[in-house]
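> Could you work out the structure for the sequence below:
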Amino acid sequence: MIIKSVELEIVCGVTSKIPKTQLPEIAFAGKSNVGKSSLINSLMNRKSLARTSSKPGKTQTINFYNINEEMYLVDLPGYGYTNAPESERMKWGEMVERYLHTSQKLKAVFLLLDIRHAPSENDKKMYEWIVYQGYRPMIIATKLDKLKRSQVAKNVKVLKDGLGLTHDDLLLPFSAETKQGREEIWQVMEGML
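You can find the predicted model right below:
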């Protein structure tokens, strides 16, 4: 996709009402610090559109990025951030659940996992919950540049087995550093629209 315009248009906090948008939405879910904001920046060919941090838990709102007045990329707060108070984590979880359950324009949910690690219990719960909501999550295995090429196939298998993916389920390795996988992700998203 050729990016003509992109802007952070809607920021939805824990007390906000989930907006009713007029454009298709594609959401990105994953644990804290897995690379959701970096992925969005890479997809947009921007360095700092979505704020990134080495500290987990930077994204605490649902952020709607309007792309070419054609679609929204939706950056969800990460789960599993243990340094935030339990009450805060509960509010973020309820906000994400409310969004995934009530958005009428949500076309797909991409679940981001770190390619270097087997899926955590939180990853498995999120995957199952997305499926339960009626979506077929696309898996993006982030931080691909942190592995040697010879390790990729083995680590992809660990992720697929850990989530119980079938041969038909989609898992795309991705690196925000090298942009490997970027075009494949765009192809999948454009196919959904």
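> How about the residue nearest the centre of the chain, nearest residue that isn't a chain neighbour?
Most central residue of the chain, judged by C-alpha distance to the mean C-alpha position with C-alpha atoms, centre = their mean, is residue 28 at 2.1 Å. Nearest residue to residue 28, sequence neighbours excluded (C-beta to C-beta, 6 or more residues apart in numbering): residue 36, at 4.6 Å. Bear in mind the C-beta positions are built from the backbone N, C-alpha and C, glycine included.
> Pairing partners for the residue nearest to the centre of the chain in the sheet, please.
residue 75, residue 110 (DSSP bridges).
> Would you agree it is in contact with residue 74?
Yes - checked against C-beta atoms under 8 Å, the pair residue 28 and residue 74 is within contact range at 6.8 Å.
> From residue 9, how far off is residue 136?
Computed with C-beta to C-beta, to the nearest Å, the distance linking residue 136 and residue 9 is 27 Å.
> So these two - more neighbours on which side?
For residue 136 versus residue 9, the count of surrounding residues by other C-beta atoms under 10 Å is larger for residue 9: 15 against 11.
> Okay, and that one sits in which element?
Counting by DSSP states H and E, the secondary-structure element that holds residue 9 is strand 6-12.
> same deal with residue 187?
Counting by DSSP H and E, the secondary-structure element that holds residue 187 is helix 182-192.
> Can you name every helix or strand that the strand holding residue 9 contacts?
Taking 3 or more C-beta pairs under 8 Å, 6 or more residues apart in numbering; DSSP states H and E as contact, the helices and strands that strand 6-12 lies on are strand 62-67.
> ok so, going back, how about the residue nearest to the centre of the chain, what does it touch?
When the contact criterion is C-beta atoms under 8 Å, 6 or more residues apart in numbering, the partners of residue 28 are 36, 39-40, 73-76, 109-110, 112, 140.
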